[in-house]
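Q: Show me the folded form of this:
(chains A, B, C and D)
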Protein chains: 2
Amino acid sequence: MANFSSRRQAVLEVIKNMRCHPSAERVYEECKKSIPNISLATVYRNLAYLEKQGVLGRVPGCSEMERYDVELDGHTHAICKKCGRIVDLPYPENLKKLLDEYCKDRQFNGFGLSFYNICEDCQREEKL
Amino acid sequence: MANFSSRRQAVLEVIKNMRCHPSAERVYEECKKSIPNISLATVYRNLAYLEKQGVLGRVPGCSEMERYDVELDGHTHAICKKCGRIVDLPYPENLKKLLDEYCKDRQFNGFGLSFYNICEDCQREEKL
DNA sequence: ATTAAAATAATAATGATTATTATTTTTATA
DNA sequence: TATAAAAATAATAATCATTATTATTTTAAT
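A: Below you'll find the model as predicted:
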């Protein structure tokens, strides 16, 4: 559980501290600030590792590129179809329970749910 | 609505007739059977076009590569985490209505929902 | 029929992700 | 604590899905 190398620790810390839902590349850029010679491959490797450990997860429904977040279970996401911005979204009333129960009944491993929108910035831009 | 070129028609027909949820590459292979010199780029272009028209859509929650299906609205999907097999799944009771209403209330454009499992074949294989 | 617009084939380019490999770091054990 | 085995890493090459380009062909509109 705690056998985290310094790099692995860094990747995790970086994601925890970023308020957005970064791509691997963004995590890499952020990591370089503290560990200038960290390798992109290391970031990918550790993201995969941490995902397998259940410490972090990919935001479902992003089709351009994988985006990561810690604590995926507690909320869902609103994804802008235009710019890809991702915003945390509380589950609508009872929905989480419903889905979890359904998964349990049918022996599914889990589910991926995201909502799509055009974020305010993109809407503003469209009007110009 | 009906300005479908022969290639576009072919792409659509192929997907309609495939019982699986093919990737662009698979659609391309299938198209080649009837139009041997069709280009992969054409398949991609027409998939994008048909998606924009709402005739077909991408199965949400597939992280390896995009997978397509017609009539996305009527059902959800079970995706095998190991081999990527996708199986149509009816919406659990009331769930569709709930999600649609939520989208309407919050002015979301839509949602993506998929369930994850390890399919029977992969489970069998794991036991060997 | 003639011209403009759209679609296409072929292929090159891009961009995210994964694999490789030589080296360094960590861990386990004597 | 020395030392050997295992794991992790940096650097970079390779892969693979997807998109862009461009010259050509097909379709649609006058």
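Q: make it CA atoms for all contacts and neighbour counts henceforth
A: Noted.
Q: what about the helix or strand of chain A with the lowest mean pLDDT, distance to the chain center?
A: Least confident helix or strand, chain A: helix A:120-127 with a mean of 87, by mean pLDDT, DSSP states H and E. In terms of CA atoms, centre = their mean, to the nearest Å, the centre of helix A:120-127 is found 24 Å from the chain centre.
Q: who touches it?
A: A:K82, A:C83 (CA atoms under 8 Å, 6 or more residues apart in numbering or on different chains).
Q: one more time with 7 Å
A: Helix A:120-127 is contacted from outside by A:K82, using CA atoms under 7 Å, 6 or more residues apart in numbering or on different chains.
Q: Please put the alpha-carbon coordinates of it into PDB.
A: The C-alpha trace of helix A:120-127 is given here as PDB (Å, rounded to 0.1, in the frame of the first residue of the first chain):
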ATOM      1  CA  GLU A 120     -20.100  28.700 -20.700                       C
ATOM      2  CA  ASP A 121     -16.900  29.900 -22.200                       C
ATOM      3  CA  CYS A 122     -17.500  28.000 -25.400                       C
ATOM      4  CA  GLN A 123     -21.100  29.200 -25.600                       C
ATOM      5  CA  ARG A 124     -19.900  32.800 -25.300                       C
ATOM      6  CA  GLU A 125     -17.400  32.200 -28.000                       C
ATOM      7  CA  GLU A 126     -20.100  30.700 -30.300                       C
ATOM      8  CA  LYS A 127     -22.000  33.900 -30.100                       C
END
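Q: Distance check, A:E29 against DNA strand D.
A: Distance, A:E29 to DNA strand D, by CA to the nearest atom of the strand, to the nearest Å: 12 Å.
Q: again with A:S39
A: Counting by CA to the nearest atom of the strand - A:S39 and DNA strand D are separated by 4 Å.
Q: Nearest residue to that residue in space, ignoring adjacent ones along the chain?
A: A:Y28 (7.7 Å; CA to CA, 6 or more residues apart in numbering or on different chains).
Q: DNA strand C contacts on chain A?
A: A:3-6, A:23-25, A:40-41, A:44, A:48, A:64-66 (CA under 7 Å from any atom of the strand).
Q: Of these, just the buried ones, ChimeraX syntax please.
A: Entered in ChimeraX, the line below selects the buried ones among the residues of chain A next to DNA strand C, by 16 or more other CA atoms under 10 Å in any protein chain shown:
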select /A:23,24,40,44,66
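Q: what's the most distant pair in the residues of chain A next to DNA strand C?
A: The largest separation in these, counting by CA to CA, is between A:N3 and A:E64 at 32.2 Å.
Q: tell me which parts of chain A are close to DNA strand D?
A: Checking chain A against DNA strand D by CA under 7 Å from any atom of the strand, the hits are A:5-8, A:35, A:37-42, A:45-46.
Q: go again using 6 Å as the cut-off
A: A:S5, A:S6, A:R7, A:R8, A:N37, A:I38, A:S39, A:L40, A:A41, A:T42, A:N46 (CA under 6 Å from any atom of the strand).
Q: Just the ones of these in strands?
A: Using DSSP state E, no member of these sits in strands.
Q: where's the dip in pLDDT among the residues you listed?
A: Among the residues of chain A next to DNA strand D, A:S5 has the lowest pLDDT, at 70.
Q: hey, where'd the helices end up in chain A?
A: Using DSSP state H, the helices of chain A run over A:6-17, A:24-34, A:40-52, A:95-106, A:120-127.
Q: Looking at the residues of chain A next to DNA strand D, spot the one nearest DNA strand C.
A: Distance to DNA strand C, by CA to the nearest atom of the strand, is smallest for A:A41 among these, at 4.6 Å.
Q: tell me the contacts of the closest one?
A: So A:A41 contacts nothing (CA under 7 Å, 6+ apart).
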